[in-house]
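J.: Predicted model follows, preceded by the sequence.
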Amino acid sequence: MSFLQPWMLWGLPLIALPVIIHLINQRRYQTVPWAAMAFLLTANKMSSGYAKIRRYLILAARTLAVAGLVFAVARPLSSGWLGLAVGSRVDTTIIIVDRSPSMAAAASDGQTNLASLTRQLMESLRVVESNRYVWIDDDANRPVLLESVDQLAALSVAQPSAATADIASMVETAVGYIRDNQPSSVECWIVSDLQRGDWNVASGRWSAINQSIRRLPQSVRLHLVTPAETSNLNRSIRVTQAKRVDGQTAAEAARAAEPVFASSEEVTAEDLQPSDPPAGGTRLLVSLVVRQIGEIDETADPDGEIPIELDLDGARSKFDVKLTGDVTEIANLVIPLDGGSQSGWGRVSLPADANLQDNEFYFAYGAPTVRKTVVVCGDAVDGRTDEARPLMLAAGIPPDAETVCLATAVTAEEFVSTELNDVAMVLWTERLPDETETAALQPFLERGGRLLFFAPEETSSRSFAGLTWGDEVIADQPVGVSTWIGDHDLLSGVRSGAALPVGDLKVSRYRRLEGSKLSLATLPDESPLLARSIQGGRSVYFLATGVDADASSLARSGIVLYALIQRALADGVGTLGSTRQLTAGETSVLSDDWVRKAGPDEGTSTHFARYSGVYGEGERLIAVNRGDAEDTIETATGDQLEGIFAGLNFDRVQQQAGSSASLVQEIWRLFLGLMMIALVAEALLCLPRKRAPVDASNSPFPARSGGGVADA
């Protein structure tokens, strides 16, 4: 229990007053033996037990009445039936709000979870007094001092963005603010739906955050507010490919664009060679995937078909798609381009459902861009080494006839002078970069290029993007991959719906990876095989083994290696040319010079990179969309939350997002009512007991009449 006026609790000793008065009252009279009263005392013993119980009940009622008055004046707080441990008036209240697309799911009141929970939080903070309110701005990841709680709405907190939230970074910013400003007491409110991509509970950063909060001299209370779980049907749509094709018929284009790594058979160099370019008109190949979560209303959708709207440069059309399960893929939808358009943009959308934020996806298309890869390896012989040859083969063989891939091998010393302006991906097999090499990589990563590190043979203490190679492990017997993320990122399933044969890989030699990371594949000892850097976002990956035959079966099998390299290469090439595909929140290349071509009218020009849409500057087009992790439904579990907040003053409230009740409520009326009930009970107990009338016929004394003097 907590109170807005806890100093009033100093009045609790007053509950002893009825007891003290009772004891004093008992000592006011002295007992004097009197023989004539012996008969009455003996008769009173029959009712002494009831009298004692009544006196004790009266005493308890008076004590409870005083206690109820004291508690009511102290203004106790509660969070529904959960008893949220909110403290008294604090010096600083920090507010962290998850504005990721998953928070746009509909609540029972018709609003989004984000809008509903934010409103409830504002109502609660009006009850809980604080000297100052600080909001952690997720756009710039900086603290913003608010003049009042009502300013939250003015800051568009209730409008979800397309960017995946980084809860760990925002909590780190909050800890930094506390450390720099030294408030006397702090309460931190976190509003989130616990989506896995937003929390990344497996990151090593949470352990450091936990220790940082423990070391703070201030009292810090953490309150996590989450919406109630819902089972509403929700579908999401995502474009996996938008490619302009010249000189092909529809059938030829579809056959040429079929991915070579969709088969589970071993891929050979002959299988990957491009065919002769066919002839025909200019067309656009669009591949997309539809995911659905929740129970399907068969009465509303008996055939399992849904309409999809396609908006291509402002021209709209519709087509029906038959769903084939939780995941439906439409590969190589061929769309003729009028007038041989060189570039343009498009949007695909679904009908309204539980979450409007994932019902549309934007794309931009243009002339094909050469996919260039630089492989950094040891001393190059004839431009390649045994170590670099499998990587150059996987990066240099195009997946279809229209794509042009080029791969070059350089040494670490040569890399510093290598031009990276038109490079889509860098594969690094040597020890981690030094300061000079890191400086050369920085513009490449900021532009959106992809960087993949392979475990080196030599040990080094260098680090990159918060990660360091650790000790080398040589297994007695080759080990397989125990777990991997197969619904998104580099190891997701192929278009046919089958999973990549990641489980067939065998690893004989690998290095441990130390630092803050997101593991995409792990080995039996829980060491990551493939990981993504947290600090580097989606741009920096680490593969904890090599491609040599004595290290792993990556090069021998070929499918997994080819798939992850080509996917990373496709992501990297999306940042080149006149058209680009970007993930919201991962880059800030959009400036004031860019204008919105399509998309919701949300955010200012400085925040375009966090909102879905198509943005242009002259002939250049950039399509910005939510991250692929936002289309999954996995959330952080209660045990995981207890782990990252272990030892801290932490509590969680799972509030119904559509409820009109405040997260924090004053319950002094309850105690006032209990006081009144105690007073009424005390009054009833004090009433004299009703005595039965005396029957004169049973009296041992004879009845008399007359009443004269003679009778007396």
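T.: Good, I have the coordinates.
J.: rest of the way, CA atoms for contacts and neighbours
T.: Noted.
J.: my guess is Val186 meets Leu216, correct?
T.: No: assessed by Cα atoms under 8 Å, Val186 is found out of contact with Leu216, at 10.6 Å.
J.: Give me the more crowded residue out of these two.
T.: A count of neighbours by other Cα atoms under 10 Å puts Val186 above the other of Val186 and Leu216, at 22 against 13.
J.: how about that one, what does it touch?
T.: Each residue near Val186 by Cα atoms under 8 Å, 6 or more residues apart in numbering is listed here: Val90, Asp91, Thr92, Thr93, Ile94, Gln218, Ser219, Val220, Arg221.
J.: any idea of the pLDDT on it?
T.: For Val186, the pLDDT comes out at 90.
J.: repeat for Asp276
T.: As predicted, Asp276 sits at a pLDDT of 40.
J.: what does whichever helix or strand Asn210 is part of contact?
T.: Using DSSP states H and E, the element containing Asn210 is helix 205-215. Contacts of helix 205-215 with the rest of the structure, by Cα under 8 Å, 6+ apart, involve Ala168, Val171, Glu172, Val175, Val220, Ser516, Ile644, Phe645, Ala646, Leu648.
J.: Can you say which of those residues are buried?
T.: Ala168, Val171, Glu172, Val175, Val220, Ser516, Ile644, Phe645, Leu648 (16 or more other Cα atoms under 10 Å).
J.: Asp98 versus the second one, what's the distance?
T.: Using Cα to Cα, to the nearest Å, we find Val171 at a distance of 11 Å from Asp98.
J.: And the fourth one, by the same measure?
T.: Note on Val175: its distance to Asp98, by Cα to Cα, is 17 Å.
J.: Same check on the fifth one?
T.: Val220 sits at a distance of 20 Å from Asp98 (criterion: Cα to Cα).
J.: just to revisit the earlier point, where strands are concerned, which of the contacts of helix 205-215 count?
T.: If you go by DSSP state E, the contacts of helix 205-215 have Val220 in strands.
J.: Just give me the least confident of the contacts of helix 205-215.
T.: Ser516 (81).
J.: how's the chain carved up into domains?
T.: Domain ranges of the chain: 2-77+668-690, 86-230+638-663, 233-353, 371-573, per automatic domain parsing.
J.: Name the secondary structure element that contains Val680.
T.: Using DSSP H and E, Val680 falls in helix 668-686.
J.: For that helix, buried residues please.
T.: Under 16+ other Cα under 10 Å, the buried positions of helix 668-686 are Trp668, Phe671, Leu672, Leu674, Met675, Met676, Ile677, Ala678, Leu679, Ala681, Glu682.
J.: Give the rounded mean pLDDT of it.
T.: In the prediction, helix 668-686 has an average pLDDT of 72.
J.: Might you calculate how far it sits from the centre of the chain?
T.: 47 Å (Cα atoms, centre = their mean, to the nearest Å).
J.: Could I have the CA atoms of it written out in CSV?
T.: Extracted in CSV, the C-alpha atoms of helix 668-686 (Å, rounded to 0.1, in the frame of the first residue of the first chain):
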residue,chain,number,x,y,z
TRP,A,668,-9.5,6.8,0.5
ARG,A,669,-13.3,6.4,0.1
LEU,A,670,-12.9,2.7,0.8
PHE,A,671,-11.2,3.4,4.2
LEU,A,672,-13.7,6.1,5.0
GLY,A,673,-16.5,3.6,4.4
LEU,A,674,-14.8,1.1,6.6
MET,A,675,-14.6,3.7,9.3
MET,A,676,-18.3,4.4,9.1
ILE,A,677,-19.1,0.6,9.2
ALA,A,678,-16.9,0.3,12.3
LEU,A,679,-18.8,3.2,14.0
VAL,A,680,-22.2,1.7,13.2
ALA,A,681,-21.0,-1.7,14.5
GLU,A,682,-19.8,0.0,17.7
ALA,A,683,-23.1,1.8,18.2
LEU,A,684,-25.1,-1.5,17.8
LEU,A,685,-22.8,-3.3,20.2
CYS,A,686,-23.3,-0.5,22.8
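J.: Which elements pack onto that helix?
T.: helix 48-73 (3 or more Cα pairs under 8 Å, 6 or more residues apart in numbering; DSSP states H and E).
J.: and the helix it packs on, which residues are buried?
T.: Quick answer for helix 48-73 (16+ other Cα under 10 Å): 57-73.
J.: any chance of the contacts of helix 205-215 in JSON lines, with distance to Gly638 too?
T.: Output for these, formatted as JSON lines (distance: Cα to Cα, whole Å):
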{"residue": "Ala168", "distance to Gly638": "17"}
{"residue": "Val171", "distance to Gly638": "18"}
{"residue": "Glu172", "distance to Gly638": "21"}
{"residue": "Val175", "distance to Gly638": "23"}
{"residue": "Val220", "distance to Gly638": "21"}
{"residue": "Ser516", "distance to Gly638": "21"}
{"residue": "Ile644", "distance to Gly638": "10"}
{"residue": "Phe645", "distance to Gly638": "11"}
{"residue": "Ala646", "distance to Gly638": "12"}
{"residue": "Leu648", "distance to Gly638": "15"}
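J.: of all the contacts of helix 205-215, which two lie farthest apart?
T.: Maximum pairwise distance among those (Cα to Cα): 24.3 Å, between Val220 and Ser516.
J.: what ranges do the strands span in the stretch 451-600 of the chain?
T.: 463-464, 467-479, 483-484, 507-515, 517-522, 528-533, 540-543, 579-583, 595-598 (DSSP state E, counting those that start in this stretch).
J.: Between the ones you listed, which has the poorest mean confidence score?
T.: strand 579-583 (a mean of 83).
J.: Which neighbouring elements make contact with that strand?
T.: Counting by 3+ Cα pairs under 8 Å, 6+ apart, strand 579-583 packs on strand 360-365, strand 620-625.
J.: what's the average pLDDT for the first one?
T.: So the one you mean is strand 360-365. Strand 360-365 shows a mean pLDDT of 92.
J.: What strands line up against it, and which way round?
T.: Within its sheet, and counting by DSSP bridges, strand 360-365 is paired with strand 344-349 (antiparallel).
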